[in-house]
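[1] missing the sequence, but the structure's below:
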């Protein structure tokens, strides 16, 4: 609690005790009035002052004015206790609200606390702490174990493992070595690193992300706009309603029915109206829900650029994917070894060794698949036949690794592969030993992600790719994607997405998921653009509405679930708060609900709505 | 030109009022108040001096919400 809140708490306690004492004492007349004025002023003086200032500044219909009118009215009707208590409970509600909002504000900013406080610069062998803002591009900074990496750069010295969970939500540490690019916001866990910076602080990943989050709530969702409009009309409407309630029925009584006017009864009911007229519960809980939703999402590695996108995401019915780099890894890996006459690992070993002198991407894939240290001394007589492959002797055994042409050339019959990808045939000692299939493999979670999207209300998944049809069909079949469009140029992707947009109804939203850099036009054309694997890529952060900080397609599912939970809570609060208020207004008008019920309804609804809104923050188990 | 300022305000409705007040200040092209981050982002019109405009913004905000503060 801060100073202001503590002061308020003291006032509340004093007023509460005084009211309790006064309600036991039996005094009446002017003495009672005078005694009740003490707690009333203790608890309400600031409200009265604010109300007065509000009138002077022509800002009449604010909650201070309403509370002032309602309580003064009650006191004039000689309901001293009620008037004072209403003020007391109103202040309790305000205190709770300010405490809860402050607390969740701190919680959420802590979750997103990736801002580095300093950078270490080495000066004459001593480390000096400087503001990251002052570090120029190309400086060498030192990051000790346990410290945050303050600026983007390249590692020049030291190896370590990095904790990227604040950025990606991924708890598995990453290893890093000299030459690797490193982004700010990671936490260095084990070794001392020397980093040559490649960006200024303002351009570094950390600053970009923080800016994005800070700006996110300025893009307001439809429900937020609805609430601020609602609040603008609700309060005046209730006030005029109260006025009508105070004046009309007594006049009707007097003039038409020739009954006693019963002014005090109707004025009391009108005052009850005023107590309910504060829209606090809605006005606070809706932005709080969105803020917590965005905070929770960013903690899970999903950056959402605005609450409007959270809203759109929850209405998504179609998800269109780019293939390479989104559903697949985008790098070529050994996908299988077929028709082998010896053990797979043996063939891979021969092939990797024979190709070990080549810098071709295929040779790299083979080396990765082999996975062990390569002793190039075992390889002799290497001959690279351009456009065909390589022949060499491994441990003295002649090995040929290459395409069908190479096999023909050395007089070996090759077996065709029925799967798509690059096929590397291997002949050992003049005999066919099998072939190795190298292809772009789907990410391990792609299939689950597609299946889970379906479970979460996505009607159709579509894959767009520039790749040839055979490859596209195979990947789509394997992953369970509903529809595929292949052999598309980048411009075709935009027109395909436009076609899909035209077909669906207005309420169903279409999301496009791409890997950012080349998909920028499509990302901005779709209802909602999701960029993935975007860590550090400016283009993606610019173009997309939602950025997934790691490559995992499962995060799309997570993002949609977070959005749905957030929207569910927002609607719960809207219906709940408006519903209770309307019921209380009706009960108040017919005289069933008195001022006590009104103030409890008002404060109670607000407390419940705020507590409900805070629930949005918990997204771990979604 | 855009600038961001730290603010102090107690309730969300008051933050909305501040936003309105800031938007209606001369020299301000657009303004948005982020109640949760307690930040006010102001976009100034061409050729306006942010410091003097912000003084006006603060004055207007004080008018609608006595209890607010903008850290200039």
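    That came in fine, so what should we check first? Every value quoted in this text rests on a predicted model; they were computed, and no experiment measured them.

[2] quick one: contacts for residue A:494?
    Residues near residue A:494 by C-beta atoms under 8 Å, 6 or more residues apart in numbering or on different chains: A:521, A:522, A:525. Every residue, glycine included, has its C-beta placed from N, CA and C.

[3] and it, how far from chain B?
    Separation of residue A:494 from chain B (C-beta to the nearest C-beta, to the nearest Å): 30 Å.

[4] that residue: which element?
    helix A:490-503 (DSSP states H and E).

[5] mind checking how far that helix is from the chain centre?
    Counting by C-alpha atoms, centre = their mean, to the nearest Å, helix A:490-503 is centred 27 Å from the centre of its parent chain.

[6] columns pLDDT on top of the contacts of residue A:494, output as a markdown table?
    What follows is the contacts of residue A:494, written out as a markdown table (pLDDT from 0 to 100):
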| residue | pLDDT |
| --- | --- |
| A:521 | 81 |
| A:522 | 86 |
| A:525 | 86 |
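
[7] which one of those residues is nearest to residue A:389?
    residue A:522 (37.7 Å; C-beta to C-beta).

[8] surely the closest one touches residue A:500?
    No: judged on C-beta atoms under 8 Å, residue A:522 makes no contact with residue A:500 at a distance of 10.9 Å.

[9] could you pull up the residues touching residue A:224?
    A:286, A:287, A:290, A:307.

[10] how many neighbouring residues does residue A:477 have?
    10 (other C-beta atoms under 10 Å in any protein chain shown).

[11] for it, pull up the helix or strand it's in.
    Assigned by DSSP H and E, residue A:477 falls in helix A:469-479.

[12] can you give me the buried ones in whatever helix or strand comes next after that helix?
    Using DSSP H and E, the next helix or strand after helix A:469-479 towards the C-terminus is strand A:483-485. Going by neighbour count (16 or more other C-beta atoms under 10 Å in any protein chain shown), the buried part of strand A:483-485 is A:484, A:485.

[13] what packs against strand A:483-485?
    Judged by 3 or more C-beta pairs under 8 Å, 6 or more residues apart in numbering or on different chains; DSSP states H and E, the packing partners of strand A:483-485 are strand A:460-464, helix A:469-479.

[14] returning to that earlier point: restricted to strands, list the contacts of residue A:494.
    Secondary structure defined by DSSP state E assigns none of the contacts of residue A:494 to strands.

[15] any of these buried? List them.
    Looks like the contacts of residue A:494 have A:522, A:525 buried, using 16+ other C-beta under 10 Å.

[16] just curious, which of the contacts of residue A:494 is nearest to residue A:13?
    For these, the nearest to residue A:13 is residue A:525 (58.9 Å; C-beta to C-beta).

[17] quick check: residues of chain B near chain A?
    Chain B has residues B:4, B:10-13, B:16-17, B:32, B:34-39, B:41, B:63-64, B:66-67 near chain A, with proximity defined as C-beta under 8 Å from any C-beta of the partner chain.

[18] show me which of these are buried.
    B:10-13, B:16-17, B:32, B:34-39, B:41, B:63-64, B:66.

[19] for chain B, what are the nearby residues on chain A?
    A:50, A:53-54, A:57, A:59, A:62-63, A:94, A:97-98, A:101, A:105, A:108-109, A:214-215, A:217-218, A:228, A:231, A:279-280, A:283-284, A:287-288, A:291.

[20] got a PyMOL select line for the buried ones in the residues you listed?
    Of these, the buried ones go into a single PyMOL selection, burial set by 16+ other C-beta under 10 Å:
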select buried, chain A and resi 50+53+54+59+62+63+94+97+98+101+105+108+109+214+215+217+218+228+231+279+280+283+284+287+288+291
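
[21] which residue ranges of chain B form strands?
    B:2-8, B:28-34, B:39-44, B:69-71.

[22] which one of the ones you listed lies nearest to residue A:194?
    Nearest of the strands of chain B (C-beta to C-beta): strand B:2-8, 33.3 Å.

[23] any low-confidence regions in the chain?
    Looking at chain A here, since you left the chain open. Residues of chain A meeting the criterion pLDDT under 70: A:111-112, A:217-218, A:516-518, A:533-540.

[24] can you check which helix is longest in it?
    Counting residues, the longest helix found in chain A (DSSP state H) is helix A:554-589.

[25] which other helices and strands does the helix or strand just after that one contact?
    From helix A:554-589 onward toward the C-terminus, using DSSP H and E, the following helix or strand is helix A:595-614. When contacts are defined as 3+ C-beta pairs under 8 Å, 6+ apart, helix A:595-614 packs onto helix A:80-111, helix A:263-276, helix A:280-299, helix A:554-589.

[26] adding distance to residue A:429, write those out as a markdown table.
    Compiled in a markdown table, the helices and strands packed on helix A:595-614 are given as follows (distance: least, C-beta to C-beta, whole Å):
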| stretch | distance to residue A:429 |
| --- | --- |
| helix A:80-111 | 61 |
| helix A:263-276 | 92 |
| helix A:280-299 | 58 |
| helix A:554-589 | 46 |
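
[27] so which of those helices is the most packed in?
    helix A:280-299 (a mean of 27; mean count of other C-beta atoms under 10 Å in any protein chain shown).

[28] tell me, what residue is most central in chain B?
    In chain B, the residue lying closest to the centroid (C-alpha atoms, centre = their mean) is residue B:22, at 4.4 Å.

[29] correct me if wrong: that residue contacts residue B:41.
    No: contact criterion C-beta under 8 Å: residue B:22 and residue B:41 do not qualify, at 9.5 Å.

[30] which neighbours do these two share?
    Counting by C-beta under 8 Å, 6+ apart, the residues touching both residue B:22 and residue B:41 are B:31, B:33.

[31] my guess is residue A:96 meets residue A:608, correct?
    No: if you go by C-beta under 8 Å, residue A:96 and residue A:608 don't touch, sitting 10.9 Å apart.

[32] please report how far the residue of chain B most remote from its centre lies from chain A.
    Within chain B, residue B:47 marks the point farthest from the mean C-alpha position, 18.3 Å out by C-alpha atoms, centre = their mean. In this view, residue B:47 and chain A are 24 Å apart by C-beta to the nearest C-beta.

[33] the helix holding residue A:477 packs against which elements?
    strand A:431-442, helix A:446-455, strand A:460-464, strand A:483-485.

[34] please identify the deepest-packed of these.
    strand A:460-464 (a mean of 22).

[35] how far off centre is that strand?
    23 Å.

[36] just stretch A:160-180 next, same as before
    20 Å.

[37] and it, end to end?
    11 Å (C-alpha to C-alpha, to the nearest Å).

[38] residues in contact with it?
    Looking at what lies outside stretch A:160-180 - C-beta under 8 Å, 6+ apart - the contacts are A:112-114, A:145, A:149, A:154-159, A:182-183, A:185-193, A:205, A:209, A:299-302, A:535, A:549-550, A:552, A:555.
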